[in-house]
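[1] sharing a sequence plus its predicted fold:
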Amino acid sequence: MGLEHLPHLYDDRELTFNEIQEILTKAAKGEVKGTEKVDGLNLYLGYKDGQPKAARNNYDIKNGGLSADELAQREFNGEQVSQIFDLAFQSFANLVSKLDKKLLSIIFGPTGNVFLNSEILNGKTNVINYGAKTILIHRNGHKRFNEQTGEVENIREDTSKAISHIINKMNDTMNKQMEGVEFRVQQDPITQLPALEDQSVLADTIQKLKTAGFEGDMTIHQYLFNKIKAIVTEKLPSLNEKNNNDVVNKIIGVKGTPSITVLKRYVDENPNFTNELKALVANKKQIINDVMFPIEDAIHDFSVEILKKLNSSFIDNTEEEAQRIKQELKDEVIKLKNYDGPYKDYVVDNLKRQLKKIKHIDNVQTSLEGFVFNFGNKYYKFTGNFAPINQIMGLYKYKLNENIQQRQKVGLFPGSFRPPHKGHLDLIKQALNDFGKITIIISQPEKHARSSIPAEESKRLFDIYTKGLPVETVIGEESSPYVEAANYMNQGRGDCVLTSNKEQTKFDYFDFPKKVYEATIPVSAREMRAIIESPKTREEKKAELLGYLPQLQEPDLIDVFDILLKGDNTQLLNGNVNTINLNEILNIIDEISLNEGKINKIDFTLKEIFGIIDEIAVGSAMGAGAVEGSPAAPFKKKRFKKGIIKK
């Protein structure tokens, strides 16, 4: 539900065994209320400056959301998905155009800084085939842009409840207003989990958790630590207690853990142990998956049982849909079992893992994706067999398309890229002589020391630089881009990792195939950041940054500067005394023409520019026949076009 990851119980490493037991016990007794989790397309919906807005992520929300045209230009996974978004957004726009503006101000905030967590249901998007076309507004997960901090944050629980109450009251009115349009709008209906018919399922689940070594006040994190510590002790018996703990924490992903370079010093004297250490860190996701499987499997089996009697509110014939999903799953499993192409080992291992969860295809008895509930001010989900079914369907859909046997090799280019420059593009072009496709992997933004330049902006820059090239840019989940690359290699999503000779030592500790290219262009991202953060004028920064950018067409170059220097105008409006170029302001002032002979400089503070605008406005009014003191013809100041300079 929504664009952010909604955890299973076993995903929350702060939950204790006792807390999980309490949740499972209440669920088994039918004492848990919540909402249906749906298999739709996620979208945040907003209303700003009198216009409907959409957003797919925090970056979009920070920038005030997307208009209908901007949403239509955004690339999605397939033309069908793009059309669904377009039609749903048109229906939303139709709705807000008919609602009271004061009401919209309450829901979306007086400045339009609130975006509602919503989901679009339209036929089959992934696994489940929904009937009615619906814009489903969730009861939580809404976002607001905090103008004071400049950050996107979750809105408060009491505010969510207030919005939910308003939408509930409006539900009938909204759908009357939307008669004749593609989509209806509604809020998640509240439902209650039915009690288990066989209470022994609860007892069996609790016993499985205890047998795995998880009980009492132990948290998921402590369980993971204990299990992985035993693995590290076996593989690296020479480590002392502190060093052992450091390696365990590195595998688990604890912040502040020493780097792989530091960890390697623990075992430098023994090459065999060095290889073991590298293998442990490189395979950390698989290690965690293996250790967590007993707990994950026990809670999964419980979820399957608890969801059996719960039907979807958005499917007309749930039994028929369950049978369709079951048959499609059977067909998919046969395809995958007979597959004998690239990534075969990955496919077979993943298929076995997911089928192990399902136990038997006859266990597919519901068309419901899952159930969302609240515990301790956090939201969790039960997903039953939907999750492994989705994984199995995705194996063929995304990994094994019909042309995969003719697929060219994929090179992985990992880095922080804060920001990317022409040296990066040069390396990519060199690599395209050896690879059919390059995947750029940008390290996870929130975990990176250079997060003042968001990963989303680095991705937008790469998208401009690499237009027309067989290049894909993705934002990873790890703080280390090289660990992320190792994960891609382990998942069969790349053939080789690329780097320059300047960065070569950064991935010497990984065993994946790698290829080093000569860095022929002596520029650095650090130097670019220094220019961007300097107190120089915008024009001075642009002139210096040109030496770091690839050759671009004028429209693309303008977009690049807008991304790199996005904050300059805001800083000036907040009192910064640096000058701004008058020529850059002129194109956002309506119907103003300046006498060039009158202006003897081009750099002005905003205060000076506003004075010039006032003077021109007065002159324009006088020229039209206004006389000072005359009440008949007051002049009006010229206005800025919306969206260019914001207060």
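    Arrived safely, thanks for sending. Numbers count the residues shown, from 1 in each chain.
[2] okay, stretch 131-140 in CSV with CA atoms only?
    Provided in CSV are the C-alpha atoms of stretch 131-140 (Å, rounded to 0.1, in the frame of the first residue of the first chain):
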residue,chain,number,x,y,z
GLY,A,131,-13.0,-5.2,-11.9
ALA,A,132,-14.1,-1.6,-11.3
LYS,A,133,-11.6,1.2,-12.1
THR,A,134,-10.8,2.8,-8.8
ILE,A,135,-8.7,5.5,-7.3
LEU,A,136,-8.2,4.1,-3.8
ILE,A,137,-7.2,6.7,-1.2
HIS,A,138,-5.4,5.1,1.7
ARG,A,139,-6.1,6.0,5.3
ASN,A,140,-2.4,6.6,6.1
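[3] buried sites along that stretch?
    Within stretch 131-140, the residues that count as buried by 16 or more other C-beta atoms under 10 Å are 133-140. The C-beta positions use only the backbone N, C-alpha and C, and glycine is treated the same way.
[4] one more: stretch 247-257?
    So, applying 16+ other C-beta under 10 Å, buried residues of stretch 247-257: 247-253, 257.
[5] over to stretch 32-45?
    For stretch 32-45, burial by neighbour count (16+ other C-beta under 10 Å) applies to 32, 34-45.
[6] the residues you listed in strands, which ones?
    Judged by DSSP state E, strands contain the following of the buried residues of stretch 32-45: 34-37, 41-45.
[7] how about TSV for these, with pLDDT added?
    Below are these laid out as TSV (pLDDT from 0 to 100):
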residue	pLDDT
Gly34	93
Thr35	93
Glu36	91
Lys37	90
Leu41	87
Asn42	89
Leu43	92
Tyr44	95
Leu45	96
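[8] quick one: residues contacting Tyr10.
    By C-beta atoms under 8 Å, 6 or more residues apart in numbering, the contact list for Tyr10 reads 20, 220, 292, 295-296, 299.
[9] swap in 6 Å and give it another go.
    295-296, 299 (C-beta atoms under 6 Å, 6 or more residues apart in numbering).
[10] and those residues, which is closest to Ala279?
    The nearest member of the contacts of Tyr10 to Ala279, counting by C-beta to C-beta, is Glu296 at 23.3 Å.
[11] so where's the stretch 451-600 of the chain shaky on pLDDT?
    451-452, 503-511, 567-600 (pLDDT under 70).
[12] for it, which segments count as helices?
    Applying DSSP state H, counting those that start in this stretch to the stretch 451-600 of the chain gives helices spanning 455-465, 481-490, 525-532, 538-545, 554-564, 568-573, 582-586.
[13] okay, now Leu15: neighbour count?
    20 (other C-beta atoms under 10 Å).
[14] please apply the same query to the one 5 residues further on.
    Residue crowding around Ile20 was assessed by other C-beta under 10 Å; the count is 24.
[15] any idea how far the nearest residue in space to it that is not next to it in sequence is from Thr16?
    The shortest distance from Ile20 to any non-neighbouring residue, by C-beta to C-beta, 6 or more residues apart in numbering, is to Leu9 (5.3 Å). With distances taken as C-beta to C-beta, to the nearest Å, Leu9 is found 11 Å from Thr16.
[16] now Asn146
    Taken as C-beta to C-beta, the span from Asn146 to Thr16 is 32 Å.
[17] neighbour-wise, which of the two wins?
    Set side by side, Asn146 and Thr16 give different neighbour counts by other C-beta under 10 Å, the larger being at Thr16 (19 against 11).
[18] quick check: phi and psi on that one?
    As for Thr16, its main-chain torsions (degrees, to the nearest 10) stand at phi -100, psi 170.
[19] which strand residues bridge it?
    Thr16 has these beta-bridge partners by DSSP bridges: Thr219.
[20] any idea how far it is from Phe214?
    9 Å.
[21] can you check Met528 too?
    Per C-beta to C-beta, Met528 is found 48 Å from Phe214.
[22] between the two, which has more neighbouring residues?
    Neighbours were counted for Met528 and for Phe214 using other C-beta under 10 Å; Phe214 has more, 25 against 22.
[23] so the more buried one makes contact with Tyr223?
    Yes. Using C-beta atoms under 6 Å, Phe214 makes contact with Tyr223 at a distance of 4.8 Å.
[24] how far does stretch 6-16 sit from its chain's centre?
    The chain centre lies 19 Å from the centre of stretch 6-16; the measure is C-alpha atoms, centre = their mean, to the nearest Å.
[25] list the buried residues of it.
    Buried-residue list, stretch 6-16, by 16+ other C-beta under 10 Å: 6, 8-10, 12-13, 15-16.
[26] pick out the lowest-pLDDT one from those.
    Lowest pLDDT among the buried residues of stretch 6-16: Leu6, with 80.
[27] now do the same contact list for it.
    Lys381.
[28] so it, which of the three states?
    coil (DSSP: H, G, I helix; E, B strand; the rest coil).
[29] next one: it from Ile135, what distance?
    In terms of C-beta to C-beta, Leu6 sits 19 Å off from Ile135.
[30] next: Ser500.
    As judged by C-beta to C-beta, Ser500 and Ile135 stand 47 Å apart.
[31] for Asp11, same thing?
    In this view, Asp11 and Ile135 are 28 Å apart by C-beta to C-beta.
[32] go on, Asp290?
    With C-beta to C-beta as the criterion, Asp290 and Ile135 are 41 Å apart.
[33] identify all contacting residues around the helix or strand containing Phe413.
    Using DSSP states H and E, Phe413 maps to strand 410-415. Identification of contacts with strand 410-415 by C-beta under 6 Å, 6+ apart yields 431, 435, 437-441, 481-482, 484-485, 488, 494-498.
[34] and whatever helix or strand comes next after that strand, what's its mean pLDDT?
    Downstream of strand 410-415, the next assigned helix or strand under DSSP H and E is helix 422-431. Helix 422-431 comes out with an average pLDDT of 93.
[35] A strand includes Pro52, no?
    Yes. Assigned with three-state DSSP, Pro52 falls within a strand.
[36] which residues sit against stretch 103-112?
    By C-beta under 6 Å, 6+ apart, stretch 103-112 touches 46-48, 114, 163.
[37] what separates that stretch from the chain centre, distance-wise?
    Per C-alpha atoms, centre = their mean, the displacement of stretch 103-112 from the mean C-alpha position of its chain is 25 Å.
[38] measure that stretch end to end?
    Using C-alpha to C-alpha, to the nearest Å, the end-to-end distance of stretch 103-112 comes to 12 Å.
[39] same check on stretch 120-135?
    Span of stretch 120-135 from end to end, C-alpha to C-alpha: 5 Å.
[40] cool, and stretch 418-427?
    Stretch 418-427: ends 16 Å apart by C-alpha to C-alpha.
[41] do stretch 236-246 as well
    OK, stretch 236-246 end separation, C-alpha to C-alpha: 12 Å.
[42] could you tell me which residues within it count as buried?
    Neighbour counts over stretch 236-246 (16+ other C-beta under 10 Å) mark 236, 239, 243-246 as buried.
[43] quick check: the two most widely separated of these?
    Largest separation among those by C-beta to C-beta: Leu236 and Asn245, giving 11.8 Å.
[44] before we move on, back to that, pipe the buried residues of stretch 6-16 into CSV and attach distance to Phe462 per row.
    Listed next are the buried residues of stretch 6-16 as CSV, based on distance: C-beta to C-beta, whole Å:
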residue, distance to Phe462
Leu6, 29
His8, 33
Leu9, 37
Tyr10, 35
Asp12, 34
Arg13, 33
Leu15, 38
Thr16, 43
